[in-house]
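Engineer: My questions are about this predicted structure, shown below with the sequence.
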Amino acid sequence: MVKIENNFLNNIEFIKIQNIIFSKNFHWHITNTNPFILRHDLINEQGKTLSAFLSDTCSYLFQNLKIDIVLESYVLLQAKDQYSKDYRFESEFIKNKNFKTFLIILDSSDGYLQIPGLKKIPCEENRALFLETPINLTHYNPIKNEKKTTLIVHYL
């Protein structure tokens, strides 16, 4: 089951998360160059590594979502490209696990998300997606806008 909720966070919490993620102190690593994609791991392998930004970006989310066990959480930033290209990331750590996914879009763009068998899901700021089972979610980069940024949490 897929649930979509617009304006998921109140403005204060949403802007706080945006300000942290879009600050010059937020560190990224390159995961792909065509299309250009940056990633910041907040939680890796159920807490094996934790980001210094974890508390400030996710504590409010985890409390409101009543998440007990986070398998992994990260932020993806997909840069603008001449063509719309798909990107699917599968972690070896969560492969073959029965997990749920929460995703929140941090900026509006012409990039989109695609779940097999469903229509394209446009990227609108503060739009949340709730996936009750592991689903092949494909991210598409923007063509007109500069970037598409999403915060993703895989949990039990």
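Structural biologist: Received it, and whenever you're ready, just let me know what you need.

Engineer: which neighbours does the helix or strand of the chain with the lowest mean pLDDT have in its sheet, and in what orientation?
Structural biologist: Ranking every helix and strand in the chain by mean pLDDT, DSSP states H and E puts strand 86-87 at the bottom, with a mean of 74. Partner strands and pairing direction for strand 86-87 (DSSP bridges) are strand 138-140 (antiparallel).

Engineer: element containing V153?
Structural biologist: Using DSSP states H and E, V153 falls within strand 147-155.

Engineer: Show me what that strand is packed up against.
Structural biologist: The contact analysis (3 or more Cβ pairs under 8 Å, 6 or more residues apart in numbering; DSSP states H and E) places strand 147-155 against helix 11-21, helix 54-65, strand 70-79, strand 100-105, strand 109-114. Glycine gets a C-beta too; all of them are placed from N, C-alpha and C.

Engineer: Make a markdown table out of the ones you listed and add mean neighbour count, mean pLDDT and distance to F36.
Structural biologist: Shown next, in a markdown table, are these (neighbours: other Cβ atoms under 10 Å; pLDDT from 0 to 100; distance: least, Cβ to Cβ, whole Å):
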| stretch | mean neighbour count | mean pLDDT | distance to F36 |
| --- | --- | --- | --- |
| helix 11-21 | 14 | 96 | 17 |
| helix 54-65 | 15 | 91 | 22 |
| strand 70-79 | 22 | 94 | 4 |
| strand 100-105 | 20 | 94 | 18 |
| strand 109-114 | 20 | 91 | 12 |
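
Engineer: Quick one: closest of those to D41.
Structural biologist: Among these, strand 70-79 comes nearest to D41, with 4.9 Å by Cβ to Cβ.

Engineer: circling back: I152 is nearest to which of the helices and strands packed on strand 147-155?
Structural biologist: strand 100-105 (4.9 Å).

Engineer: Among the helices and strands packed on strand 147-155, which comes closest to H29?
Structural biologist: strand 70-79 (10.3 Å).

Engineer: Sheet partners, orientation included, of the closest one?
Structural biologist: Paired neighbours of strand 70-79 in the sheet (DSSP bridges): strand 36-44 (antiparallel), strand 147-155 (antiparallel).

Engineer: Send over the last one as PDB, restricted to the C-alpha atoms.
Structural biologist: It refers to strand 147-155. Extracted in PDB, the C-alpha atoms of strand 147-155 (Å, rounded to 0.1, in the frame of the first residue of the first chain):
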ATOM      1  CA  LYS A 147      17.800  19.700  -8.100                       C
ATOM      2  CA  LYS A 148      15.400  17.200  -6.500                       C
ATOM      3  CA  THR A 149      16.100  16.400  -2.800                       C
ATOM      4  CA  THR A 150      14.500  13.700  -0.800                       C
ATOM      5  CA  LEU A 151      14.900  12.300   2.700                       C
ATOM      6  CA  ILE A 152      14.400   8.600   2.900                       C
ATOM      7  CA  VAL A 153      13.900   6.300   5.900                       C
ATOM      8  CA  HIS A 154      13.700   2.500   5.700                       C
ATOM      9  CA  TYR A 155      12.400   1.000   9.000                       C
END
